[in-house]
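Undergrad: coords please:
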Amino acid sequence: MMQHYALKHGIFKEFLAEFLGTFVLVLFGCGSVAQTVLSRNMLSESLTIHLGFTIGLMMGIYVSGGVSGGHLNPAVSLAMVILGRLKIWKFPIYVLAQLLGGFVGAAGVFGLYYDAFMDFTGGILSVTGISVLGGFVDQVIGTGSLVLCILAITDGKNIGAPKGVEPLAIGLIILGISVSMGMNCGYPVNPARDLGPRLFTAVAGWGMEVFSTADYWWWIPVAGPLTGGITGAVVYFLLIELHHSNHSEKASEESEKDEDEDEEEDSSLKDKYEMITMS
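TA: Presented below is the predicted three-dimensional model:
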């Protein structure tokens with residue numbers, strides 16, 4: 001009974017952590033987009049958006065990392081399932097929390113800038129077309145790079161990052177992706193970051209056109225990142241992590257040898273001590 005309660009309580013904490021972390025990510029990131037567009041580039045520019053998502057991700061991980069690992073991205077959670085670092089039954093719970101966090105984060109941005117939205121649009125909330133050329137491949141490569149680098153940063157057998165600095169390092173990955181791969185799609189690389197806010201815009205007044213526009217482009221920032229997450233995880237495992245095993249076995253053998261030597265030394269000292277006390 002107590003174990004069942006602890007299990008439910010634990011996953012609830014992880015759910016809240018992923019929800020709140022994703023909320024912070026979307027609030028900062030989409031907020032920077034809103035400020036740039038609604039001010040007609042008077043208060044912000046493209047670099048501001050890049051920094052907004054970078055800082056949002058960093059802060060989101062700091063908020064949630066100690067409880068849930070700070071995935072904040074279904075593609076990252078899926079990669080962790082593939083690598084055996086997240087139980088598969090937790091995956092839909094993490095995704096639900098991330099989507100809900102993205103939805104509420106978008107609602108926060110809309111509420112914050114409601115007057116500016118109405119002024120900018122004249123009260124007519126419409127959707128503009130988005131190019132789909134290379135969109136899927138773009139998202140596979142971008143998210144694959146993200147997951148690959150996250151695994152490198154958090155790999156204790158690699159160089160990794162100092163404890164507590166991981167969110168900063170991961171934030172810099174997003175900054176790197178934004179300034180090098182952002183032209184085609186705006187680097188969603190996260191289904192929760194795109195689909196959560198898209199669901200909110202659908203109910204906030206833009207309507208179902210947010211899903212039908214540009215030949216139903218909405219699925220690209222969902223399927224592309226999930227595919228990219230799997231690709232990045234598999235590539236890192238095959239080319240890097242798989243080759244840690246020999247080193248680990250050697251280190252384990254050396255550790256066992258040291259322990260045996262220590263035990264022999266302790267035994268020798270004990271024998272000497274007993275001989276001295278007996279004399």
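Undergrad: make it CA atoms for all contacts and neighbour counts henceforth
TA: Fine.
Undergrad: From the chain's centre, how far out is stretch 94-103? Work that out for me.
TA: 12 Å (Cα atoms, centre = their mean, to the nearest Å).
Undergrad: got it, and stretch 139-146?
TA: With Cα atoms, centre = their mean as the basis, stretch 139-146 stands 12 Å off its chain's centre.
Undergrad: And for stretch 70-78?
TA: With Cα atoms, centre = their mean, you get 5 Å for stretch 70-78.
Undergrad: contacts for that stretch?
TA: The contact list for stretch 70-78 (Cα atoms under 8 Å, 6 or more residues apart in numbering) reads 17-19, 21-22, 25, 60-65, 86, 91, 94-95, 98, 143, 147, 190-193, 225-230.
Undergrad: downstream neighbour of the helix or strand where residue 180 lies in the secondary structure list?
TA: Residue 180 is part of helix 166-181, with elements assigned from DSSP states H and E. Once the chain leaves helix 166-181, the next helix or strand it forms, by DSSP H and E, is helix 191-201.
Undergrad: buried ones in that next one?
TA: For helix 191-201, burial by neighbour count (16 or more other Cα atoms under 10 Å) applies to 191-201.
Undergrad: re earlier: now go through the contacts of stretch 70-78 and say which are in helices.
TA: Using DSSP state H, 17-19, 21-22, 25, 60-65, 91, 94-95, 98, 143, 147, 191-193, 225-230 are the members of the contacts of stretch 70-78 that sit in helices.
Undergrad: so how far is residue 47 from the residue most central in space within the chain?
TA: Central residue of the chain (Cα atoms, centre = their mean): residue 71, 3.7 Å from the mean position. Residue 71 sits 24 Å away from residue 47, going by Cα to Cα, to the nearest Å.
Undergrad: Write a ChimeraX command that selects only the buried members of the contacts of stretch 70-78.
TA: Command for ChimeraX, covering only those of those found buried under the criterion 16+ other Cα under 10 Å:
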select :17,18,19,21,22,25,60,61,62,63,64,65,86,91,94,95,98,143,147,190,191,192,193,225,226,227,228,229,230
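Undergrad: how much space between the nearest residue to residue 190 once chain neighbours are set aside and residue 39?
TA: Leaving aside its chain neighbours, residue 190 sits nearest to residue 73 (5.3 Å; criterion: Cα to Cα, 6 or more residues apart in numbering). Distance, residue 73 to residue 39, by Cα to Cα: 29 Å.
Undergrad: And those two? Which one has more around it.
TA: Neighbours around residue 73 and residue 39, counted as other Cα atoms under 10 Å, are more numerous at residue 73. The numbers are 25 against 14.
Undergrad: before we move on, back to that, in which helix or strand would I find the residue nearest to the centre of the chain?
TA: Using DSSP H and E, residue 71 falls outside every helix and strand.
Undergrad: Need the per-residue pLDDT for it.
TA: Per-residue pLDDT puts residue 71 at 96.
Undergrad: quick one, phi/psi of it?
TA: In this entry, residue 71 is assigned phi and psi values of phi -70, psi -60 (degrees, to the nearest 10).
Undergrad: And residue 73, by the same measure?
TA: According to degrees, to the nearest 10, residue 73 has phi -160, psi 120.
Undergrad: Measure how buried residue 243 is and give me the count.
TA: Using other Cα under 10 Å, residue 243 has 11 other residues around it.
Undergrad: And it, how close does it get to residue 147?
TA: Taking Cα to Cα, one finds residue 243 at 18 Å from residue 147.
Undergrad: How about the contacts made by residue 123?
TA: Residue 123 touches residue 117, counting by Cα under 8 Å, 6+ apart.
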